[in-house]
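In: next one to model:
(2 chains)
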Protein chains: 2
Amino acid sequence: MALSLPQGFSSHVANIGIKDNTTDFVVVAADSICAAAGVFTQSRFAGPSVVVSRRNIANHAARAVVVISKNANVATGAEGLRNANEVVGGVAHSLGCAPDDVLIASTGVIGRQYPMDSVRDGLAAIPTPLNGRDATEVAIGIMTTDTVAKVASATVAGSSATVIGVAKGVGMIEPNMATLITLMFTDALVDAHVLDATFRRVIDRTFNCVSIDTDTSTSDTAIVMCSGAAGEVDLGAFEVALHKVALSLTKQVARDGEGAEKLIEVLVDGARDDAQAKRVAKAIVNSPLVKTAVHGADPNWGRVAMAVGKCSDETDVHESNVVIRFGTQECFPTQVDNAGLVALSAYLTSDEVLIHVSLGIANGTATVWGCDLTDAYVHINADYTT
Amino acid sequence: MALSLPQGFSSHVANIGIKDNTTDFVVVAADSICAAAGVFTQSRFAGPSVVVSRRNIANHAARAVVVISKNANVATGAEGLRNANEVVGGVAHSLGCAPDDVLIASTGVIGRQYPMDSVRDGLAAIPTPLNGRDATEVAIGIMTTDTVAKVASATVAGSSATVIGVAKGVGMIEPNMATLITLMFTDALVDAHVLDATFRRVIDRTFNCVSIDTDTSTSDTAIVMCSGAAGEVDLGAFEVALHKVALSLTKQVARDGEGAEKLIEVLVDGARDDAQAKRVAKAIVNSPLVKTAVHGADPNWGRVAMAVGKCSDETDVHESNVVIRFGTQECFPTQVDNAGLVALSAYLTSDEVLIHVSLGIANGTATVWGCDLTDAYVHINADYTT
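Out: Numbers count the residues shown, from 1 in each chain, chains lettered A, B, ... in the order given. This next block holds a predicted model:
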């Protein structure tokens, strides 16, 4: 399933010995400086990669992005920052661009320095020019403990432009952080400021709506780059395509959540506004009691009532206005009889579960995605041995 | 280990057939109307028991409290509210007091009506006067799926007064909510308004600092009643005794968390203020990645850095000022070598783990309690079958 990067991009994917013999070093470069946008973790322990990328993308332009996987380079102090700058500098040297035109992301164990001897060898081995185009290879190269590579593509209607996205997350077999990294590439020609606004809207409705376990990574990074090789496109069609790619990747991430067996989609509507709908939806999708109930196909809709109820700041949410459904089956306020509980339990055995809550206030709406909580999650995250 | 209620209180504990043949009906009454205070869930789905108790304690006085366990009477609409009022009325009739002098708490499955025929029989069988005094029997009567009864006592220094407390939570073998109920009784004579303020301070530093799984119950209830039979006491000594009882019960609840094998205590100091310390401490104790690391004795201190980091609103928290310790062992910023990781892993095998984070801002401090996340938690909450 070789899926190529859009026109105007090339790649280099290699193993440079960060941890094992899987690919752990990825460079994707545009043929020349192009419009780019990025969204990063809000963690107070954001790693040097995030610090450097945030700085280098401030001008809404970039030439390349480099990803090192299997080591997050987080909580590594001044030495970690020097190393991140050295990686960016090395990539820039290979490409013949300025260091501040190179973005960087990293994911893996926290609190350890890069093995810089290996990294320097890897930087020296970057071919000139880059000779790869395979998006799936890029997706594999940024994985840590993902069980599947995550790639999505869409065409921009009315043009020859495509959007290709890759993502990694969320799993761990080591003491690694469940970092989310997503990179999107398009050959559409889009103004840098329009791209930035479009990308933030799209991320807000996709990746910012996924939660595996409430734990925000120190390294979350989402980047888009536009080579422009396919020329100008309709901006509405471009946003549709970008959204389609981001949504596909979001669902792929949720479904591959640590130990997950089911995708949970939570739709909240009838809220005061979209932001309230998102807060309530996140309370539901993050509830360990809801997640375990879905895992066990337990028709325990009362836990959804509990999760709505714990949003105690939402003082306009009143029990008497709330409707709770699983799929299309109403559970509250209409009382579920025993046959209904059996039907609900059967519904919960499917690998994609929709929880739909209507708040009965106004027209705000939001959809978020998560996964069930399984004993595999506990094993994956507890059974690291020294 | 018969521990008696303080002077001026008597009790009735019975099985009235709510679900099985264990005790499920508890009345504790003072000999006459006495000072009382209560703190309740902030859930938007608060059950009728909470609604009725909140109303009846508004005058800071009560004669009795009744607890029904194994059925929460939540999300039960107008019929549920009528039933709660009927229970309160029945207890008041037996005691010869006004219905609004009786408080009520309930815990168990959500979304089902009380079996009112059984409840009416139970109300009719309340002896006059109440003939029990055993606090442990009271603690057992309010249990749902707790594995141990939770009782604590303390004497008020410089007086003959005692404080006795009971609590239930947090476990489930059914689709029940992990409700917290705690009742405290004292024969100290304390002014009702002083009692209210004292109780809120104590609860805020004890039960409001415990988290098993972030899911706020629809039924959480904490009540204290003062018979006054032991006369006036030093108010400082009274608060010390009340705090001692509440703290003991809080730790008992955390240790008996669903599937828990270890008590986790998180101390955050050096914060801007106590409130910030509590927010950061809760982010740590609620992190599933921290909880699983403790469970697996995984010396993965980076997850604590992640949990501090995800408090993204705390903009005065800077990585360069943070110190992370497990017990007394510093993990950050001092680099942990391999011997240190082995020592840390050994420390994590103990059944009580202290995580100590200093923020380096000012003098705010908070301690919170939780437990590890185990596959038993998943099994307990997923393996309900219809």
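In: give me the contacts around stretch A:4-15.
Out: For stretch A:4-15, contacts defined as CB atoms under 8 Å, 6 or more residues apart in numbering or on different chains pick out A:21-31, A:34, A:122, A:125-127, A:129-135, A:137-138, A:140-141, A:161-164, A:185-187, A:225, A:227-230. Bear in mind the C-beta positions are built from the backbone N, C-alpha and C, glycine included.
In: no wait, stretch A:229-237
Out: A:6-8, A:31, A:156-162, A:186-190, A:194, A:198.
In: again, only using 10 Å
Out: A:6-9, A:30-32, A:34, A:154-162, A:186-191, A:194-195, A:198, A:226, A:238, A:240-241 (CB atoms under 10 Å, 6 or more residues apart in numbering or on different chains).
In: and the pLDDT for the one residue in the stretch 151-300 of chain A that gets nearest to chain B?
Out: Closest residue of the stretch 151-300 of chain A to chain B, CB to the nearest CB: A:Gly296 (2.8 Å). In this prediction, A:Gly296 carries a pLDDT score of 89.
In: over to the one 4 residues further on?
Out: The predicted structure scores A:Asn300 at 85 on the pLDDT scale.
In: what bridges to A:Ser106?
Out: With DSSP bridges applied, A:Ser106 shows beta-bridge pairing to A:Ile68.
In: count of neighbours near it?
Out: 31 (other CB atoms under 10 Å in any protein chain shown).
In: and if you look at the one 4 residues further on?
Out: Here the number of neighbours of A:Ile110 (other CB under 10 Å) works out to 29.
In: among the contacts of stretch A:229-237, name the ones in strands.
Out: Those of the contacts of stretch A:229-237 mapping onto strands are A:9, A:30-32, A:34, A:154-155, A:162, A:186-189, A:226, per DSSP state E.
In: what subset of the residues you listed is buried?
Out: Buried subset of the ones in strands among the contacts of stretch A:229-237 (neighbour count, 16 or more other CB atoms under 10 Å in any protein chain shown): A:Phe9, A:Ala30, A:Cys34, A:Ala154, A:Thr155, A:Thr162, A:Thr186, A:Asp187, A:Ala188, A:Leu189, A:Cys226.
In: which helix or which strand is home to the closest residue in space to A:Pro127 that isn't next to it in sequence?
Out: Among residues not flanking A:Pro127 along the chain, A:His12 sits closest, at 6.1 Å (CB to CB, 6 or more residues apart in numbering or on different chains). Per DSSP states H and E: A:His12 is located in strand A:9-14.
In: and the residue lying closest to A:Thr76 once chain neighbours are set aside, what does it touch?
Out: Nearest non-adjacent residue to A:Thr76, counting by CB to CB, 6+ apart: A:Gln113, 5.6 Å away. A:Gln113 makes contacts with A:Asn71, A:Asn73, A:Thr76, A:Gly77, A:Glu79, A:Gly80, A:Arg82, A:Asn83, A:Val119, B:Gln335, as judged by CB under 10 Å, 6+ apart.
In: PyMOL command for the buried members of those residues?
Out: Of these, the buried ones go into a single PyMOL selection, burial set by 16+ other CB under 10 Å:
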select buried, chain A and resi 71+73+76+80+83+119
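In: how about the closest residue to A:Ser118 other than its chain neighbours, secondary structure?
Out: Spatial nearest neighbour of A:Ser118, excluding adjacent residues (CB to CB, 6+ apart): A:Gly17 at 4.1 Å. Per DSSP: H, G, I helix; E, B strand; the rest coil, the local secondary structure of A:Gly17 is coil.
In: how much space between A:Gly17 and A:Glu86?
Out: As judged by CB to CB, to the nearest Å, A:Gly17 and A:Glu86 stand 16 Å apart.
In: before we move on, what about A:Pro288?
Out: In terms of CB to CB, A:Pro288 sits 42 Å off from A:Glu86.
In: tell me what the helix or strand containing A:Val91 is packed against?
Out: Assessed by DSSP H and E, A:Val91 sits inside helix A:77-95. Applying 3 or more CB pairs under 10 Å, 6 or more residues apart in numbering or on different chains; DSSP states H and E, one finds that helix A:77-95 contacts strand A:25-40, helix A:48-56, strand A:61-71, strand A:102-109, helix A:116-124.
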